[in-house]
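Q: Build me a model from this:
(one chain, ligands or ions: 3)
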Amino acid sequence: MALLTRIRTPRDLDRLSPEQLDQLAAEVRTFLVDAVSKTGGHLGPNLGVVELTIALHRVFDSPKDKVLFDTGHQSYVHKLLTGRQDFSKLKMKGGLSGYPSQAESEHDVIENSHASTVLGWADGLAKANQILKKDDHVVAVIGDGALTGGMAWEALNNIAAAKDRPLVIVVNDNERSYAPTIGGLANHLATLRTTDGYERFLARGKDILERTPVVGKPLYETLHGAKKGLKDFIAPQGMFEDLGLKYVGPIDGHDIEALESALTRAKRFGGPVIVHCLTEKGRGYQPALQDEADRFHAVGKIHPDTGLPIATSGADWTSVFGEEMVALGKEREDIVAITAAMLQPVGLDKFAKEFPERVFDVGIAEQHGAVSAAGLATGGLHPVFAVYATFLNRAFDQVLMDVALHRCGVTFVLDRAGVTGTDGASHNGMWDMSILQVVPGLRLAAPRDADQVRAQLREAVEVTDAPTVVRFSKGAVGPAVPAVGRVGGMDVLREAGSERPDVLLVSVGALAPMCLEIADLLDKQGISTTVVDPRWVKPVDEALAPLAADHRVVVTVEDNSRVGGVGSAVAQALRDAGVDVPLRDFGIPPVFLDHASRAEVLAEIGLTAPDVARQVTGLVSRLDGRFETARRTVEPARD
Ligand SMILES: Cc1ncc(C[n+]2csc(CCOP(=O)(O)OP(=O)(O)O)c2C)c(N)n1
Ligand SMILES: CC(=O)[C@@H](O)[C@H](O)COP(=O)(O)O
Ligand SMILES: [Mg+2]
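A: Ligands and ions are numbered 1, 2, ... in the order given. All right, here's what the predicted structure looks like:
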């Protein structure tokens, strides 16, 4: 690491020779494999942008110039070159974020890990520079996958309209999201990739012609002057040029010299320009290159030399869902599946293998996924759209106004619901049970264990006139939590065992084991508790209000924002039923959560059994004066 450790700021790159730059790239790759194999992270994407990021920071002057990354998962090299080389706690509490972080560095801008937003940011920054007459440059790096997102095209439409507004767009084209990127855009990029770039031709032609000054130079000027016809003839630039964007490329994204040349030309262009870079996800690391599934897009801890996972997790929520989908697919031909470029991460890979014609990868296009689901349902099928909870946020209007308004039988399966933790604020699935509360007719299930995932998925796909949602956590599925009874549609997980029970504890989804632990802790305080799992949290079960009336306190516990979540809905249901029982709702506070493990985040926000039990004990004690009694008995002895 002789060179890498000497790079403290991007300006330290300026003095390096071409040979040293190649050595630096090799050192960065070695560092990435060594560090990320220990912590887990986005190894493949970052191995693919080593030379690109070095060239970017040599041509542009961050932080004066803004170097922006779409999704941000490929910003590890950027961090290494901007003074952050301790990756020992990557994505861990107190360690580096796995994405850009303004708190970490003045070189970082976009912290949002949701794809396809970088061009919007860049458009705004470029407009600000123009109005404020700042000569700062804006360069936005967007992957071929992120380019399939609708917002990217909304931004391009605006960017292309301003021919005089400098903005450099780098398309990091590695032909993959997780799997190969789908769609017409991917095909178009492939055309551009295979065409012998006009720029290369021009560069070669210029080199030859300039060596013959008498004839060459005037001839070069003539050719350059006729470049439109020449360009179309030699290398059709397709839609980017048709949109009015200057296109530079395709450029070898692993050739620092070629990259610097293209980026320098783009920087000087004085308007919006696209630099199309061809890169290789996982480059330089054989295990990644051999991994056809996703080229080590996001890995856990791995053996650095083999790439094999160190810890193999047991059954997880995702695989339980994926297996039940295959069973359902065999039973019902109308069941089809949708993914937004995440077939394997959401567990649809087995379904796709079994029913290749009944699964649709729409690209990173959740809004389109939801609307096309409305079309599929209207056409007589039952689509199951599997998506991470946090990514459904952007398709809220489509769920509301296309799926629900038209009473379409569409099932949304939200993986990574609740606190995920290590991917930072924008990855927590903490908003779905709030924003979806307002969707008329929508039914929302939160399974508590594997059996309930299977059961509630089956119940969901039976609904043909409204959207249904099944949401579950990230990672290993918890222990089976059997019901001991039933009230209305709700499972009773624990009887209070007393005539006038103190607490009705409404347990939501995967927090069931924690809720049973809370009941045990309350039991030790002489507080009797009934624990119920509503299973379908929206609409609130009609039996809940009468059941609450038989208790002295209602407590709800959910892995979702407290604001507008299940607790709020239950409180409203009690009010509507005229049941005047105190309610205390426990959930995630309305804040952005810093990256840490799920357990660390839950502890930080007080969503643990001891924390909840302590607060409920205080509430019950205050209710019946026990607190007063207790205080009197502990008053200091009179002297
Ligand atoms: C809205 C949204 N949907 C899905 C994801 C999950 N995701 C993260 S990276 C990625 C693939 C990105 O592909 P690309 O933009 O080509 O970047 P690469 O990893 O190839 O560098 C996806 C689908 C996301 N971050 N945001
Ligand atoms: C950057 C991105 O959005 C995905 O790669 C995400 O980080 C994957 O999350 P999981 O590791 O939970 O599948
Ligand atoms: Mg890509």
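Q: which parts of the stretch 101-250 of the chain sit against ligand 1?
A: Counting by CB under 6 Å from any ligand atom, the positions of the stretch 101-250 of the chain adjacent to ligand 1 are S113, H114, A115, G143, D144, G145, A146, N172, N174, R176, S177, Y178. Using the backbone N, CA and C atoms, a C-beta is placed for each residue, glycine as well.
Q: And those, which is closest to ligand 2?
A: Closest approach to ligand 2 among those (CB to the nearest ligand atom): S113, at 5.1 Å.
Q: Up against ligand 2, what does the stretch 1-150 of the chain have?
A: When proximity is defined as CB under 6 Å from any ligand atom, the stretch 1-150 of the chain approaches ligand 2 at T71, H73, S113.
Q: Give the next helix or strand downstream of the longest strand along the chain.
A: If you go by DSSP state E, the chain has its longest strand at strand 553-561. Using DSSP states H and E, the next helix or strand after strand 553-561 towards the C-terminus is helix 566-576.
Q: List the buried residues for that next one?
A: Across helix 566-576, burial judged by 16 or more other CB atoms under 10 Å covers V566, G567, S568, A569, V570, A571, A573, L574.
Q: And for stretch 454-464?
A: R454, A455, Q456, L457, E459, A460, V461, V463.
Q: hey, C-alpha coordinates of that stretch in CSV?
A: As requested, the backbone C-alpha atoms of stretch 454-464 are provided in CSV (Å, rounded to 0.1, in the frame of the first residue of the first chain):
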residue,chain,number,x,y,z
ARG,A,454,-46.8,-18.9,4.1
ALA,A,455,-50.3,-18.6,5.5
GLN,A,456,-50.6,-14.8,5.0
LEU,A,457,-49.1,-14.9,1.5
ARG,A,458,-51.8,-17.4,0.6
GLU,A,459,-54.5,-15.3,2.2
ALA,A,460,-53.2,-12.3,0.3
VAL,A,461,-53.3,-13.8,-3.1
GLU,A,462,-56.9,-14.8,-2.5
VAL,A,463,-57.9,-11.1,-2.5
THR,A,464,-58.9,-10.1,-6.0
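Q: and that stretch, how far out from the chain's middle?
A: Offset of stretch 454-464 from its chain centre (CA atoms, centre = their mean, to the nearest Å): 26 Å.
Q: what bits of this structure have low per-residue confidence?
A: Judged by pLDDT under 70, the chain has its weakly predicted residues at 196-237, 626-639.
Q: can you tell me the helix or strand for R454?
A: Assigning secondary structure by DSSP H and E places R454 in helix 450-460.
Q: same question, Q367
A: In the assignment (DSSP H and E), Q367 maps to helix 366-378.
Q: just checking, what packs against that helix?
A: Applying 3 or more CB pairs under 8 Å, 6 or more residues apart in numbering; DSSP states H and E, one finds that helix 366-378 contacts strand 335-339, strand 382-388, helix 389-392, helix 396-398.
Q: Grab the CA positions of that helix and hand them over as CSV.
A: Provided in CSV are the C-alpha atoms of helix 366-378 (Å, rounded to 0.1, in the frame of the first residue of the first chain):
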residue,chain,number,x,y,z
GLU,A,366,-40.7,0.5,-8.7
GLN,A,367,-43.3,3.0,-9.9
HIS,A,368,-43.6,1.2,-13.2
GLY,A,369,-43.6,-2.1,-11.4
ALA,A,370,-46.7,-1.1,-9.4
VAL,A,371,-48.6,0.3,-12.4
SER,A,372,-47.8,-2.6,-14.6
ALA,A,373,-49.1,-4.8,-11.7
ALA,A,374,-52.4,-3.0,-12.0
GLY,A,375,-52.4,-3.8,-15.7
LEU,A,376,-51.5,-7.5,-15.0
ALA,A,377,-54.3,-7.7,-12.5
THR,A,378,-56.8,-6.1,-14.8
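Q: Can you list the neighbours in contact with it?
A: 150, 336, 338-340, 360, 362, 383, 385, 387, 391-392, 394-395, 397-399, 402-403, 406, 408-410, 412, 464 (CB atoms under 8 Å, 6 or more residues apart in numbering).
Q: Next: stretch 124-139.
A: 56, 60-61, 64-68, 109, 122, 159, 162, 165-170, 263, 267.
Q: Also stretch 424-431?
A: Outside stretch 424-431, the residues touching it (CB under 8 Å, 6+ apart) are 91, 97-99, 101, 111-114, 388-390, 393, 414-421, 471, 474, 559-561, 588, 592-595, 601.
Q: Just checking: what are the partner strands of the longest strand of the chain?
A: strand 503-507 (parallel), strand 583-588 (parallel) (DSSP bridges).
Q: and these, which is most packed in?
A: A comparison of the strands paired with strand 553-561 by mean neighbour count, using mean count of other CB atoms under 10 Å, puts strand 503-507 on top with a mean of 26.
Q: angle of that strand against helix 566-576?
A: Computed by axes from the mean of the first three to the mean of the last three CA atoms, to 10 degrees, the angle separating strand 503-507 from helix 566-576 equals 130 degrees.
Q: next structured bit after strand 503-507?
A: Scanning forward in sequence from strand 503-507 by DSSP H and E, the next helix or strand is helix 512-524.
Q: Show me which residues of that following helix are buried.
A: Buried residues in helix 512-524 (16+ other CB under 10 Å): A512, P513, M514, C515, L516, E517, I518, A519, L521, L522.
Q: Kindly report the same for stretch 93-111.
A: Result for stretch 93-111 [16+ other CB under 10 Å]: buried residues 95-101, 104-105, 107-111.
Q: And for stretch 29-37?
A: With burial defined by 16+ other CB under 10 Å, the residues of stretch 29-37 counted as buried are R29, F31, L32, V33, A35, V36, S37.
Q: distance of the fifth one from L414?
A: Relative to L414, A35 is positioned 32 Å away (CB to CB, to the nearest Å).
Q: likewise L90?
A: 26 Å.
Q: With D34 instead?
A: 35 Å.
Q: what's A571 in contact with, if anything?
A: Neighbour list for A571: L583, D585 [criterion: CB under 8 Å, 6+ apart].
Q: Do me a favour and get the end-to-end distance for stretch 441-453?
A: Criterion CA to CA, to the nearest Å; first-to-last residue distance in stretch 441-453 is 21 Å.
Q: Tell me the gap between it and the middle of its chain.
A: Using CA atoms, centre = their mean, the offset of stretch 441-453 from its chain centre is 22 Å.
Q: Format the strands paired with strand 553-561 as JSON lines; extra columns: distance to D624.
A: Putting those into JSON lines (distance: least, CB to CB, whole Å) gives the following:
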{"stretch": "strand 503-507", "distance to D624": "12"}
{"stretch": "strand 583-588", "distance to D624": "15"}
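Q: is it possible to export these to CSV including distance to ligand 2?
A: Listed next are the strands paired with strand 553-561 as CSV, based on distance: least, CB to the nearest ligand atom, whole Å:
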stretch, distance to ligand 2
strand 503-507, 24
strand 583-588, 17
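Q: Can you tell me which of the ones you listed is nearest to A155?
A: strand 583-588 (30.9 Å; CB to CB).
Q: Which residues does the helix or strand following the closest one contact?
A: Scanning forward in sequence from strand 583-588 by DSSP H and E, the next helix or strand is helix 598-604. Contacts to helix 598-604, defined as CB under 8 Å, 6+ apart, come from residues K93, V419, T420, G421, T422, N428, K474, G475, L593, A596, T608, D611.
Q: In ChimeraX, how would I select the buried members of the residues you listed?
A: Restricted to buried positions by 16+ other CB under 10 Å, the ChimeraX selection for those reads:
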select :419,420,421,422,428,474,475,593,596,608
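Q: wait, which of the buried residues of helix 566-576 is closest to ligand 3?
A: V566 (37.2 Å; CB to the ion).
Q: Quick check, the closest one in contact with L436.
A: No. If you go by CB atoms under 8 Å, V566 and L436 don't touch, sitting 10.8 Å apart.
Q: More neighbours: L90 and L414, which one.
A: Using other CB atoms under 10 Å, the more surrounded residue of L90 and L414 is L414, with 26 against 22.
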